[in-house]
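# Turn this into a model:
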Amino acid sequence: MENTNINYKNIKVVQTREELIYLLSRASELEHGLACVYLYAAYSLKNSTEEGGLNEEQCQLVRNWKRKLAGVAVEEMLHLAQVNNMLTAIGGAPNFRRTNFPLPVSAFPFGIKLTLEPFSISTIERFIVYEIPEEGILETEVHEVYKALRDKVIQEQETKVTEFSFQTFNAEPELTERFGKDAFKFQEPFEIDFKTVGEFYHKIASGFKYMDEKALFIGPAEAQANARFLDLGGQLVAVTNREAALAAIEMIVEQGEAPTKMHPDCHFSIFDTIRKQFMEQTDKAAASGVPFEPVRKIAENPMTRFYDDTSGGTLILDETTHTAADIFNVSYDTMLQMLLRFFAHTDESSDELELLSRSTLRMMTTVIRPMGEALTKMSMGDPDNPNLMAGPGFGYNRDIHLLPHKNSAWIFFSERLFGLAKEATELAEKQNVPSEIREASASLQAISELFIRKVATLREDNPKGEFYRIEKLPAPEITPELNGPYLVKGVNTLLNSKGDVLVTEPQMALCRCGGSANKPFCDGTHARIGFESKKLPGRNPDVLDNYPGKDFTVFDNRGICQHSGFCTDELPEVFRVGKTPFVDQFGSNPERIEAQTKRCPSGALSFKWVNEDDHHPSEQATSGPVITVSKNGPYRIKGGIKLDAEFLAGASPEHFTLCRCGGSKNKPFCDGTHWYNNFTDDKN
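Numbering: from 1, shown residues only. Next comes the predicted model:
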């Protein structure tokens, strides 16, 4: 059905393929740039009360802002993908290039600079202006309020508002005579007659609406990306005709700036709500004297080197931070290369396209995100400002070109990812680096393994032997990341509940929020859903109960029981459901009770002979460190893997269970909550 909501009264209709390709290419650069700018502001926000300057209530609000900003950035990536579908549909090439930051106010006709800056009132006001609705969307008096805000933002950039009215430059007399007095408007190859992003897209829509449909859509339908492969909220539209193109454009405009009942969470409304909440909290803090400091002290436009297409930035001088920033930039560059290959694929199979798209999304959520967070906690190395932290610069050398030959492209990805995995692994082993770097390095190892295996089937000769292993296996250890996954290293045996041996890496990130679509491995969902790893009220108390017999004692700590039922099902005469006391130490012979306590996966039960010298030790280490993913339940840990957490009374460091449903009140340990919240994992 034809869209009737497009307002063309202020714009000149697009009539040529060349102009439409040009406008879509510029739209791609805009969406790409906005996604980076929004992410930078999100990464600058604090994530816990431990960072200071926030009480618990304020922290929850700020974490919600962080999620909202990141969610908007994801939708900008959806818009970027959608624009590239439109480019492909009309015979253009996918475009994932953009200018490095900072971009001056003249970069786009809207008169607003695009720079990487930490969250602030001026930053969020600029975000509102990016997404301000075109005239006619808001009520007149409301529109005037936001028009005044736009004028204020532009004036704060030391730019006169009048500079961004439509301008005509004087051409040489002979050219004016030939082409007319308006031959060279603004500084663009085509006429610029739009002031907002909405008008910009409606100008693009005019080309799809009025140009001949059969002549316009010359791109192959099979080249269109769709939600089956590129899961960006399931809203990516394959563009093969006029109707689909107009629907895609309206989706972009609706999500961005149209505060209607159909899309109440548009970007404009989200930013405006955050602005009002920020101002309210700032006023409360000033009146009460309670600090409200939600933003990390980070630099503007951090860079590892100066690029020839930027107007300036702040160089990172600290060596470790510089290495982390380089890893971030090359990971980001590689992700874009993979995305470009996905959109301009030649003879990839469905499985290969799925691997490209899924790996690209994993790079976004499990490499780019944690590395970006880590950089905001790492020093710039400025001797005059030692407390100034860095941030992700999203920098690249503008080498985002299509790798046209399939085999060489996949080998390139394999080599690049393996190199990144090695660099990140080495960095993660350094002292005092943020834990998020280990999270990113684990993901890079896993993704590189997928491509290494793929390359092995593409090459006639075997890949270099070093591709199959990264470094000597480190000592086994599990570190529960604050509000994040379990960071595992040195464990080479990972089993699922079916007994299948899963592929391991020197470093791994295992999901513990319960939401990953790639269980047992983390896929970054914890950041999107706001997972919290703190212990919760109402948990079973940390009390070690003693049940002495004649020559032995049974110990039980209900605070770490995972409720697997091994004891109550297999020896009910001793371990009694619903009875007090829970343990009847005289209900069976001591040897049978000892054997049953050893079966307790959580370590809540233990057994000790009065004279241990006359009996075998009650704790016998397994043959090696093993992590087992139990059926719809916790991780079962055996083999004395070091856990960076405080054990409860009587708990066994040799074997224990860790929550993976996200609901335990006694995190990181399992407390049986998975039974009550119906946690399922059919894959494992």
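# hey, let's count contacts and neighbours off CA atoms from now on
Will do.
# these two touch, right, residue 516 and residue 524?
Yes - when contacts are counted by C-alpha atoms under 8 Å, residue 516 is listed as touching residue 524 (7.1 Å).
# who's more crowded, the two?
residue 524 (28 against 17; other C-alpha atoms under 10 Å).
# Report how many residues lie close to residue 374.
By other C-alpha under 10 Å, 27 other residues sit near residue 374.
# Would you mind listing where this structure has pLDDT under the threshold?
Counting by pLDDT under 70, the chain contains low-confidence ranges at 1-10, 158-189, 191, 227-228, 231-234, 259-263, 309-311, 397-400, 457-473, 613-623.
# quick one: the strands in it?
Assignment of strands within the chain using DSSP state E yields the ranges 302-303, 314-315, 477-480, 486-489, 494-495, 507-510, 545-548, 552-556, 605-609, 626-629, 635-638, 642-643, 655-658.
# May I see those strands organised as a markdown table, with distance to residue 77 and mean neighbour count added?
Listed next are the strands of the chain as a markdown table, based on distance: least, C-alpha to C-alpha, whole Å; neighbours: other C-alpha atoms under 10 Å:
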| stretch | distance to residue 77 | mean neighbour count |
| --- | --- | --- |
| strand 302-303 | 22 | 28 |
| strand 314-315 | 26 | 18 |
| strand 477-480 | 30 | 20 |
| strand 486-489 | 28 | 24 |
| strand 494-495 | 34 | 20 |
| strand 507-510 | 25 | 28 |
| strand 545-548 | 55 | 16 |
| strand 552-556 | 52 | 21 |
| strand 605-609 | 50 | 22 |
| strand 626-629 | 34 | 22 |
| strand 635-638 | 34 | 24 |
| strand 642-643 | 38 | 18 |
| strand 655-658 | 35 | 26 |
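# looking at these, which is closest to residue 47?
With respect to residue 47, and counting by C-alpha to C-alpha, the nearest of the strands of the chain is strand 477-480 at 15.6 Å.
# The closest one: how far from the chain's middle?
Offset of strand 477-480 from its chain centre (C-alpha atoms, centre = their mean, to the nearest Å): 21 Å.
# Now do it: everything it contacts.
Here strand 477-480 makes contact (C-alpha atoms under 8 Å, 6 or more residues apart in numbering) with 486, 487, 488, 489, 490, 491, 641, 642, 643, 644, 645, 668.
# What pairs with it, parallel or antiparallel?
The strands that strand 477-480 pairs with in its sheet are strand 486-489 (antiparallel), strand 642-643 (parallel) (by DSSP bridges).
# Take these and write them to CSV, including distance to residue 82.
As requested, the strands paired with strand 477-480 are exported to CSV (distance: least, C-alpha to C-alpha, whole Å):
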stretch, distance to residue 82
strand 486-489, 35
strand 642-643, 45
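# right, and these - which one's nearest residue 434?
strand 486-489 (12.0 Å).
# before we move on, the earlier item: just give me the closest of the contacts of strand 477-480 to residue 306.
Nearest to residue 306 among the contacts of strand 477-480, with distances taken as C-alpha to C-alpha, is residue 487, at 34.4 Å.
# Would you mind confirming that that closest one is in contact with residue 505?
No - proximity of residue 487 to residue 505 does not meet the contact threshold set by C-alpha under 8 Å, at 11.4 Å.
# Give the residues shared as contacts by those two.
By C-alpha under 8 Å, 6+ apart, residue 487 and residue 505 have these common neighbours: residue 442.
# measure stretch 285-298 end to end?
Terminal residues of stretch 285-298 are spaced 22 Å apart (C-alpha to C-alpha, to the nearest Å).
# Nearest the middle, which residue of the chain would you pick?
When C-alpha atoms, centre = their mean is applied to the chain, the residue found nearest the centroid is residue 365 (2.8 Å).
# measure that one to residue 71 for me?
From residue 365 to residue 71 the distance is 12 Å (C-alpha to C-alpha).
# one step back: distance to residue 291 for the strands of the chain - can I get that in JSON lines?
As requested, the strands of the chain are arranged in JSON lines below (distance: least, C-alpha to C-alpha, whole Å):
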{"stretch": "strand 302-303", "distance to residue 291": "27"}
{"stretch": "strand 314-315", "distance to residue 291": "29"}
{"stretch": "strand 477-480", "distance to residue 291": "29"}
{"stretch": "strand 486-489", "distance to residue 291": "32"}
{"stretch": "strand 494-495", "distance to residue 291": "46"}
{"stretch": "strand 507-510", "distance to residue 291": "35"}
{"stretch": "strand 545-548", "distance to residue 291": "44"}
{"stretch": "strand 552-556", "distance to residue 291": "44"}
{"stretch": "strand 605-609", "distance to residue 291": "46"}
{"stretch": "strand 626-629", "distance to residue 291": "43"}
{"stretch": "strand 635-638", "distance to residue 291": "40"}
{"stretch": "strand 642-643", "distance to residue 291": "35"}
{"stretch": "strand 655-658", "distance to residue 291": "36"}
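# The stretch 551-684 of the chain: helices as residue ranges?
566-570, 590-598, 673-676 (DSSP state H, counting those that start in this stretch).
# sorry, back to before: turn the contacts of strand 477-480 into TSV, including distance to residue 405.
As requested, these are exported to TSV (distance: C-alpha to C-alpha, whole Å):
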residue	distance to residue 405
486	39
487	37
488	37
489	36
490	37
491	38
641	45
642	46
643	46
644	46
645	49
668	47
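# So of the residues you listed, which two are at opposite extremes in space?
Longest span within the contacts of strand 477-480, C-alpha to C-alpha: 490 and 668, 19.3 Å.
# Could you check which of these two has the larger neighbour count?
Taking neighbours as other C-alpha under 10 Å, residue 490 and residue 668 compare with residue 668 leading, 27 against 19.
# mind checking how far the more buried one is from residue 483?
Computed as C-alpha to C-alpha, the residue 668 to residue 483 distance reads 11 Å.
# can you check residue 23 too?
Distance from residue 23 to residue 483, by C-alpha to C-alpha: 42 Å.
# between these two, who's got more neighbours?
residue 23 (20 against 17).
# check contacts around the nearest residue to the more buried one once chain neighbours are set aside.
Residue nearest to residue 23 in three dimensions, not counting chain neighbours: residue 204, with 6.7 Å by C-alpha to C-alpha, 6 or more residues apart in numbering. Taking C-alpha under 8 Å, 6+ apart as the criterion, residue 204 is in contact with 14, 20, 23, 24.
# Please repeat the previous calculation with a cut-off of 7 Å.
Residue 204 makes contact with 14, 20, 23 under the criterion C-alpha atoms under 7 Å, 6 or more residues apart in numbering.
# ok, now residue 566?
Residue 566 neighbours (C-alpha under 7 Å, 6+ apart): residue 600.
# got it, and residue 118?
Counted by C-alpha under 7 Å, 6+ apart, residue 118 has contacts 40, 41, 44, 298, 300.
# likewise residue 126?
residue 153.
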